[in-house]
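J.: no sequence for this one, just the structure:
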């Protein structure tokens, strides 16, 4: 994650004012990116007896991605981690170098009887990520911050491909969508201090500026799918 950089100032009061102004400007910019995308024309059909499915989303810093999906009804787990790389292991230090091929990602386990993969995609494109910026989200830059949909089934890959085509045809965005659709291979859970970061640190300047507006957007645009109490991830490492 990128630290918030402030200009050199003379007094502590001036530093506080600069921080407040910077956060406010970033907060407005993040809020302006929230938009309601159309419902998917093609979606998964819940299968009898199937109450759990998994989807993996990369949408920039995993703090905000996890934080949003933890507030979605029907999601039973949202874990921050690393996916899509070529190395045999992944950690924050190695992935942050941008050389492992991994993306900061979130593994979402959900009940398809309550919320479908297509509906999760709609939330992703509406409030989680800007799909038009290549290898970057907000203040974060590098391939580890790319937007990537790691399909865990051929059905997910088709739904994602069809939905991106639908968004492009509807000209939802002013620029082309660069979000990848990749086959899911391996997921490495992120370090414990990265889990539940949005919930545990809501006043962190980065969270306040870049991620709280996403949760607010979820509540405003998807009220029926929003739950106030997030489903948290136990820290295991």
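T.: Good, I have the coordinates. Everything numeric in this text was worked out from a predicted model, so none of it was measured.
J.: which ones are touching residue 87?
T.: If a contact means Cβ atoms under 8 Å, 6 or more residues apart in numbering, then residue 87 has 94, 100, 101, 102 as its contacts. (Each C-beta comes from the backbone N, C-alpha and C, glycine too.)
J.: my guess is the third one contacts residue 143, does it?
T.: Okay, so that is residue 101. Yes: with contact defined as Cβ atoms under 8 Å, residue 101 counts as touching residue 143 (7.2 Å).
J.: Which one's more surrounded, the two?
T.: Neighbours per residue (other Cβ atoms under 10 Å) separate residue 101 from residue 143, with residue 143 holding more: 18 against 15.
J.: Could you tell me the per-residue confidence at that one?
T.: At residue 143, the pLDDT value in this model is 97.
J.: Distance of it relative to residue 110?
T.: 27 Å (Cβ to Cβ, to the nearest Å).
J.: on that earlier part again, weed out the non-buried ones from the contacts of residue 87.
T.: Neighbour-count burial (16 or more other Cβ atoms under 10 Å) is assigned, among the contacts of residue 87, to 94, 100, 102.
J.: roughly how far apart are the residue nearest the centre of the chain and residue 107?
T.: Nearest to the centroid of the C-alpha atoms of the chain, with distances taken as Cα atoms, centre = their mean, sits residue 65, at 2.6 Å. Plainly put, residue 65 is 10 Å away from residue 107 if you go by Cβ to Cβ.
J.: now swap in residue 177 and tell me
T.: Distance of residue 177 to residue 107, given as Cβ to Cβ: 23 Å.
J.: Neighbour count: those two, which is higher?
T.: Neighbour count, other Cβ under 10 Å: between residue 177 and residue 107, residue 107 has more, with 24 against 17.
J.: tell me the pLDDT at that one?
T.: Here, the pLDDT recorded for residue 107 equals 98.
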